[in-house]
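>>> just coords:
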């Protein structure tokens, strides 16, 4: 019986299980489909699979790649079924499922009874269930779905940020992880780059604090106007003016302060429109990605018409 696709799992969790299975030599022959909108972890999984399954083959005979041009399913399956003379495994990689065309029955038959040592890996970030071929890709073999953190709310985003810190031997505070997610918009490629910068900046230290993120992370210039913006959200004019004065006296460029204010105002306008259309507050926070200043945003929205 074909394995059911692993739906809804966080990308870093699916990747960890994949790596564990490869390390244990427990990756069965047959069809593997990589799908989902978490391209960061999907790319990592793709590289881990190809490295793990072709690691002992320095000749290049064990790996065949399709996907740059249209290719018939029968051609791909024929390559996957062919016995390699110089490699222990036969690995065929399709880098873009949209390039596959032809009768899906050959794919169905291969997935049901793959030859020993044969692996067909298909990269398919988006699958259209209205197409018969894509239905087979979803259900005939092993289908791993990597769901983007942004679409699942702040909990999954923070889990992904924490996992990226763990990979680098770092312990990140929750407020620091929340701010980093905010500054990067939940883009895991950007989070990974910021983690690499933090790893280098911290040296032998392992704890990532809120102060460290504010000091090092790209985009933290937006923070210049946030103290002022928090005061404005509270409709506290004296506090806003005092905060602006402190920033200017400290050498902060007015344009950076204005940038932070503009960003916050744009989020407020978007959030206000969503609320007035009947969207729930938690959905508003998710849609505007206002994870770091969630409470300040919701309180501010109640103070402004």
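Everything's here; your move. Since the model is a prediction, treat every value here as computed from it, not as a measurement. Numbering: from 1, shown residues only.
>>> drop to CA atoms for contacts and neighbour counts, all remaining ones
Fine.
>>> Can you list the low-confidence ranges for the stretch 151-300 of the chain?
151-154, 218-224 (pLDDT under 70).
>>> any chance you could map the strands in it?
Using DSSP state E, counting those that start in this stretch, the strands of the stretch 151-300 of the chain run over 171-172, 207-208.
>>> in the stretch 51-200 of the chain, which spans are helices?
With DSSP state H, counting those that start in this stretch as the criterion, the stretch 51-200 of the chain has helices at 73-81, 105-112, 132-139, 154-167, 174-184, 188-202.
>>> follow-up on the earlier one: return the most buried member of the strands of the stretch 151-300 of the chain.
Highest mean neighbour count among those (mean count of other Cα atoms under 10 Å): strand 171-172, with a mean of 20.
>>> what helices or strands is it leaning on?
helix 154-167, strand 207-208 (3 or more Cα pairs under 8 Å, 6 or more residues apart in numbering; DSSP states H and E).
>>> Dump the ones you listed to a markdown table, plus distance to residue 99.
A markdown table is the format used below for the helices and strands packed on strand 171-172 (distance: least, Cα to Cα, whole Å):
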| stretch | distance to residue 99 |
| --- | --- |
| helix 154-167 | 31 |
| strand 207-208 | 43 |
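>>> which one of these lies closest to residue 33?
Among the helices and strands packed on strand 171-172, the nearest to residue 33 by Cα to Cα is helix 154-167 (21.9 Å).
>>> Just give me how far the closest one sits from the chain centre.
Centre-to-centre, helix 154-167 and its host chain are 10 Å apart (Cα atoms, centre = their mean, to the nearest Å).
>>> which helices and strands sit right next to that helix?
By 3+ Cα pairs under 8 Å, 6+ apart, helix 154-167 packs against helix 11-23, strand 171-172, helix 174-184, helix 188-202.
>>> Sort out which residues of the longest one are buried, please.
By neighbour count with 16 or more other Cα atoms under 10 Å, helix 188-202 contains the buried residues 188, 190, 191, 192, 194, 195, 198, 199.
>>> likewise stretch 230-245?
Here stretch 230-245 shows 230, 231, 232, 233, 234, 239, 240, 243, 244 as buried, counting by 16+ other Cα under 10 Å.
>>> returning to what we had before: using TSV, please lay out the buried residues of helix 188-202 together with distance to residue 163.
Converted to TSV, those look like this (distance: Cα to Cα, whole Å):
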residue	distance to residue 163
188	11
190	14
191	11
192	10
194	13
195	11
198	14
199	14
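>>> May I have the secondary structure class of residue 26?
Residue 26 carries the three-state label coil when classified by DSSP: H, G, I helix; E, B strand; the rest coil.
>>> and it, backbone torsions?
Backbone geometry at residue 26, expressed as degrees, to the nearest 10, gives phi -110, psi 60.
>>> need the contact list for the nearest residue to residue 258 once chain neighbours are set aside.
Excluding its sequence neighbours, the residue lying closest to residue 258 (Cα to Cα, 6 or more residues apart in numbering) is residue 225, at 6.4 Å. Applying Cα atoms under 8 Å, 6 or more residues apart in numbering to residue 225 gives the contacts 244, 256, 257, 258, 259, 260, 261.
>>> Going by distance to residue 157, which of those residues wins?
residue 260 (22.6 Å).
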